[in-house]
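Trainee: this one's structure only:
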């Protein structure tokens, strides 16, 4: 039989969660740069103002931990979709496998939430963007999804594919952040815009991005 967690272990888990939650909110509201570890610790209710350094080692590792916990949750939602996809699935099926788990995770977070806006702030920093995107590829199924999407549009030149992949990424990050903001400002669940509807729109637009004819010279 597994022994119950010690009180000190449970307290550490709770403290780390509180720091992650506080950091998400502050990064979403004020951006990554201006927010100090001391301020995060205070917002998390920690008397130890060096709690971020103690539990995470620094701001970059804190940001990686924020990204990883959400990537893991999205991967858990994506895994059954990915398992059912044949390698020769059409583009729309791969785009749905990319988008649907993301918006479903945001829906599970409830309202208010801050991660979509936090992620947008992280992506705005070139150094942090490179770190968290590399981590996401290493942690989850994104590599397989991207390969499936690219295989579904074999006639596009590599340079065009690269640009359109970045367009798709920007669409997801920016629109999810805007959607989260609108939901927070709506005040009640009845009037708040729906995550599932955003997912449908994102799939439609991203498919169009990849399938639009190119005017670049071949």
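Mentor: Thanks, I have the structure now. This one's a predicted model, so the numbers in the text were calculated from it and none came from an experiment.
Trainee: by contact count, what packs against the one helix or strand in the chain whose mean pLDDT sits lowest?
Mentor: Ranked by mean pLDDT, DSSP states H and E, the weakest helix or strand in the chain is helix 126-139, scoring a mean of 84. Applying 3 or more C-beta pairs under 8 Å, 6 or more residues apart in numbering; DSSP states H and E, we find helix 126-139 packed against helix 59-84, helix 115-123. The way it works is simple: take the backbone N, C-alpha and C, and place the C-beta from them, glycine included.
Trainee: And those: which comes nearest residue 210?
Mentor: helix 59-84 (18.4 Å; C-beta to C-beta).
Trainee: Quick check: phi and psi on residue 35?
Mentor: phi -90, psi 120 (degrees, to the nearest 10).
Trainee: Tell me how far the closest residue to it other than its chain neighbours lies from residue 82.
Mentor: Of all residues not flanking residue 35 in the chain, residue 26 sits nearest, at 4.6 Å (C-beta to C-beta, 6 or more residues apart in numbering). Between residue 26 and residue 82 the distance is 33 Å, computed by C-beta to C-beta, to the nearest Å.
Trainee: Give me the neighbour count for residue 103.
Mentor: 26 (other C-beta atoms under 10 Å).
Trainee: what's the closest non-adjacent residue to it?
Mentor: residue 199 (3.8 Å).
Trainee: what do you get for residue 97?
Mentor: residue 81 (4.7 Å).
Trainee: Return the distance of the one you found relative to residue 18.
Mentor: 32 Å.
Trainee: so where do the helices sit in this protein?
Mentor: With DSSP state H as the criterion, the chain has helices at 7-30, 37-43, 51-56, 59-84, 91-109, 115-123, 126-139, 142-151, 158-186, 195-211.
Trainee: Dump the helices and strands packed on helix 126-139 to TSV, plus distance to residue 204.
Mentor: Formatted as TSV, those follow (distance: least, C-beta to C-beta, whole Å):
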stretch	distance to residue 204
helix 59-84	18
helix 115-123	19
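Trainee: can you tell which of the ones you listed is closest to residue 152?
Mentor: helix 59-84 (14.5 Å).
Trainee: What mean pLDDT does the closest one get?
Mentor: What helix 59-84 shows for mean pLDDT is 94.
Trainee: pLDDT below threshold where in the chain?
Mentor: 1-8, 138-140, 188-191, 218 (pLDDT under 70).
Trainee: ok, 80 please
Mentor: 1-8, 137-140, 187-192, 217-218 (pLDDT under 80).
Trainee: Compare the helices of the chain and give me the one nearest residue 217.
Mentor: Closest among the helices of the chain, using C-beta to C-beta: helix 158-186, at 11.0 Å.
Trainee: Now do the buried residues in the closest one.
Mentor: In terms of neighbour count (16 or more other C-beta atoms under 10 Å), helix 158-186 has its buried residues at 160-161, 164-165, 168, 171-173, 175-177, 179-181, 183-184.
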